[in-house]
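**Q** sharing a sequence plus its predicted fold:
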Amino acid sequence: MHPGEETQVVDLVSRVFSQFVAPLYSDEGVAEFMKYVAPSILADRVKGGHLVQVAESYDKIIGMIEIRDHSHIALFFVTTEHQRKGIGRELLNRAVQACISSNSELTEITVNSSIILYRYL
């Protein structure tokens, strides 16, 4: 992520979160999440050492991953229309490589994921 792209990244995160995750949260949980992803707060986290990588298509951000301490996935979102096309996998692969580059003895990367309900036909 380049400086100045925070708002575009947060717009992506907010849209995907609202569609898939927010319905599983309380109003207070949604409000807390939205505070966490505010553009200025995201910019501060990057200045503090968080890694944020984005995927773009035609100059539009379509996916993002944020890594804290080079060992924990803090945020990971891909736009609805670009899901299941390998974009998330590529973002994850590149983020893992960046983490390993910063710490060659890295043995694990953690994540606290939200509950996602899948419907099988």
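**A** On my side now, so go ahead. Numbering: from 1, shown residues only.
**Q** who's in contact with the lengthiest helix in the chain?
**A** Using DSSP state H to define each element, the chain has its longest helix at helix 87-102. Residues outside helix 87-102 that contact it (C-beta atoms under 8 Å, 6 or more residues apart in numbering) are 51, 53-55, 62-65, 67, 70-71, 73, 76, 78, 106, 109. The C-beta positions use only the backbone N, C-alpha and C, and glycine is treated the same way.
**Q** then stretch 34-50?
**A** For stretch 34-50, using C-beta under 8 Å, 6+ apart, the contacting residues are 1, 3, 6-7, 9-10, 13-14, 17, 52, 66-69, 74-75.
**Q** strands of the protein, start to end?
**A** 51-57, 60-68, 72-78, 110-111 (DSSP state E).
**Q** dump these to JSON lines, plus mean pLDDT.
**A** Formatted as JSON lines, those follow (pLDDT from 0 to 100):
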{"stretch": "strand 51-57", "mean pLDDT": "97"}
{"stretch": "strand 60-68", "mean pLDDT": "97"}
{"stretch": "strand 72-78", "mean pLDDT": "96"}
{"stretch": "strand 110-111", "mean pLDDT": "91"}
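**Q** got a markdown table for those, with distance to Ala98 and mean neighbour count too?
**A** Putting the strands of the chain into a markdown table (distance: least, C-beta to C-beta, whole Å; neighbours: other C-beta atoms under 10 Å) gives the following:
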| stretch | distance to Ala98 | mean neighbour count |
| --- | --- | --- |
| strand 51-57 | 6 | 16 |
| strand 60-68 | 7 | 21 |
| strand 72-78 | 12 | 19 |
| strand 110-111 | 16 | 10 |
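**Q** these: which one's closest to Lys85?
**A** Minimum separation from Lys85 across the strands of the chain (C-beta to C-beta) falls at strand 72-78, 8.3 Å.
**Q** what's the angle from the closest one to strand 60-68?
**A** 170 degrees (axes from the mean of the first three to the mean of the last three C-alpha atoms, to 10 degrees).
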